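Trainee: Sharing a model that was predicted from the sequence below.
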Amino acid sequence: SGIATSYSNIGGVYHELGEYKKALDYYSKGLGIDEELGRSGDIANGHRMIGTVYMSLEDYQRAINHLQQALTISREVGAKEIIKDSFKWLAVAYSKINQYEQAYFYQKKYSSMKDSLLNEEKVRLISEMEMKYKSEEKQDEIALLSKEKELQNAEIVAQTRIRNILVGTFIILLIFTVLL
């Protein structure tokens, strides 16, 4: 709902201002509404945002808990950006509590996901450019065919005029010959 989004946006503002307790309060209110409505993508995002606030508060275990929830839910719904961000923040959180194997694991997952998303974006852009090129190519072809049709019509009109002039001239000559 719009109210949940508004709460989350206000939470984001407080997070940016460094007022982490207020940010948690508003993110939690938004998350509660999203949970009531069963909006999985928004629930995943809410957990991710709460996790980042706990990162700012240096409460890494709570951050990990929320980021893991965000990761689980976002995988279920295919929210790739949230998955990517969760990997990134989990890598940072685990490094902060000296669990370097876990940090490395999530850093590799983050890098792989980031590359995958970049490749998807490149493929999408290339596909868009190809479609645009083909569309322009077809428009050019249509314009060329229109010009050819105009030329054919002009040629037909010119041939009709010439025929009419020749017929008219022949008739005048015929009349002139008959009269003489």
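Mentor: Perfect, I can see it now.

Trainee: from the middle of its chain, how far away would stretch 128-140 be?
Mentor: Relative to its parent chain, stretch 128-140 has a centroid offset of 19 Å by Cα atoms, centre = their mean, to the nearest Å.

Trainee: Grab the longest helix from this protein for me.
Mentor: helix 100-179 (DSSP state H).

Trainee: and it, what does it pack onto?
Mentor: For helix 100-179, the packing partners by 3 or more Cβ pairs under 8 Å, 6 or more residues apart in numbering; DSSP states H and E come out as helix 80-96. All C-beta spots, glycine's among them, are computed from the backbone N, C-alpha and C.

Trainee: separation between the most far-flung residue of the chain relative to its centre and Leu37?
Mentor: Going by Cα atoms, centre = their mean, the residue of the chain most distant from its centre is Leu180, 85.7 Å out. The gap separating Leu180 from Leu37 is 102 Å, by Cβ to Cβ, to the nearest Å.

Trainee: Per-residue pLDDT of the residue farthest from the centre of the chain, please?
Mentor: Looking at Leu180, its pLDDT is 72.

Trainee: got a list of what it touches?
Mentor: By Cβ atoms under 8 Å, 6 or more residues apart in numbering, Leu180 lies in contact with nothing.

Trainee: now Leu37
Mentor: 1, 4.

Trainee: Low-confidence regions, this protein specifically.
Mentor: The chain contains no residues with pLDDT under 70.

Trainee: make it 80
Mentor: Counting by pLDDT under 80, the chain contains low-confidence residues at 1, 123, 180.

Trainee: Check which helix or strand Asn98 maps to.
Mentor: Here Asn98 is covered by no helix or strand, with elements defined by DSSP states H and E.

Trainee: so how far is Lys109 from it?
Mentor: Distance from Asn98 to Lys109, counting by Cβ to Cβ: 19 Å.
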